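>>> Provided below for reference: sequence and predicted model.
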Amino acid sequence: SGLTTATSGTIALDGTDMTGRPAHARARRGIGRTFQTSSLWPGMSVADHVRLAAQAARGGSYRVWQRASPYTDDVHGVLERTGLGHRAGALASELSHGEKRKLELAVLLVGEPRLMLLDEPMAGVSAEEVPALTELIRTLHRDEGRTVLMVEHHMDVLLGLADRLAVMHHGRLLALDTPEAVTADPTVQQAYLGEGL
């Protein structure tokens, strides 16, 4: 995403070298990300979070008091897509953890990223909220055609979503293949899963 400088290798998006570009330049080219830890403003409404992101994505300012009407359709559409339409007026502090994750995705989506980097989107999400969040990510990938690169430790979520899995162990790539092939790999089972599946 550009927040950390690469120490080796290259990063290419659609054949364009992105390795030395800053985070904002990568975002303009269609790379967006969410973080493991929520970074929402507790006293700001759900709709205003998305509106500010829309203003930034469309070349506007970050002024909270700017007239909202140019972004109303963007905000409403993204909140409906993420299942937060009914929570538009709620403060971020009033949301459940799963709803906060959806809001982070809504903020990301208003910028129309083609590549979404998701850092542990299920971290801290209650078991009851995991299926809806999983389905949202599945829809963004399969129905909307977005590429999703996700770091996640919930194996059941990954096995239900991923086309390919990469398993890292102590900084080394153990396996990169289909979910079926990776979970059948004895090295992966021993190092990561701890037992056969």
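Arrived safely. Numbering: from 1, shown residues only.

>>> Please report phi then psi for the residue positioned nearest the centre of the chain.
Nearest to the centroid of the C-alpha atoms of the chain, with distances taken as CA atoms, centre = their mean, sits residue 118, at 3.4 Å. Summarising the backbone geometry of residue 118 under the convention degrees, to the nearest 10, its torsions are phi -110, psi 120.

>>> And for residue 109?
For residue 109, the backbone dihedrals (degrees, to the nearest 10) come out as phi -70, psi -30.

>>> show me what contacts the residue lying closest to it once chain neighbours are set aside?
Nearest-residue entry for residue 109: residue 78, 5.1 Å, with adjacent residues in sequence omitted and distances by CB to CB, 6 or more residues apart in numbering. Quick note: C-beta positions are derived from backbone N, CA and C, even for glycine. For residue 78, the contacting residues are 50, 54, 106, 109, 110, taking CB atoms under 8 Å, 6 or more residues apart in numbering as the criterion.

>>> and the least confident of the residues you listed?
Per-residue confidence over the contacts of residue 78 reaches its minimum at residue 54, where pLDDT is 87.

>>> Can you report how many residues lie near the closest residue in space to residue 134 that isn't next to it in sequence?
In this structure, residue 134 finds its nearest non-sequential neighbour in residue 157, 5.4 Å apart by CB to CB, 6+ apart. Counted by other CB atoms under 10 Å, the residues lying close to residue 157 total 20.

>>> and residue 157, what element?
Secondary structure assignment for residue 157, by DSSP states H and E: helix 155-161.

>>> In helices only, show me the contacts of residue 78.
When the contacts of residue 78 are checked against helices using DSSP state H, the ones located there are 50, 54, 106, 109.

>>> how close does the first one get to residue 40?
In other words, residue 50. 11 Å (CB to CB, to the nearest Å).

>>> repeat for residue 127
Computed with CB to CB, the distance linking residue 127 and residue 40 is 22 Å.

>>> Residue 168 too?
Computed with CB to CB, the distance linking residue 168 and residue 40 is 29 Å.

>>> if I look at residue 50 and residue 40, which residues touch both of them?
Contacts common to residue 50 and residue 40, judged by CB under 8 Å, 6+ apart, are residue 103.

>>> Settle it for me: which of the two has more neighbours?
More crowded of residue 50 and residue 40, by other CB under 10 Å: residue 50, with 26 against 16.
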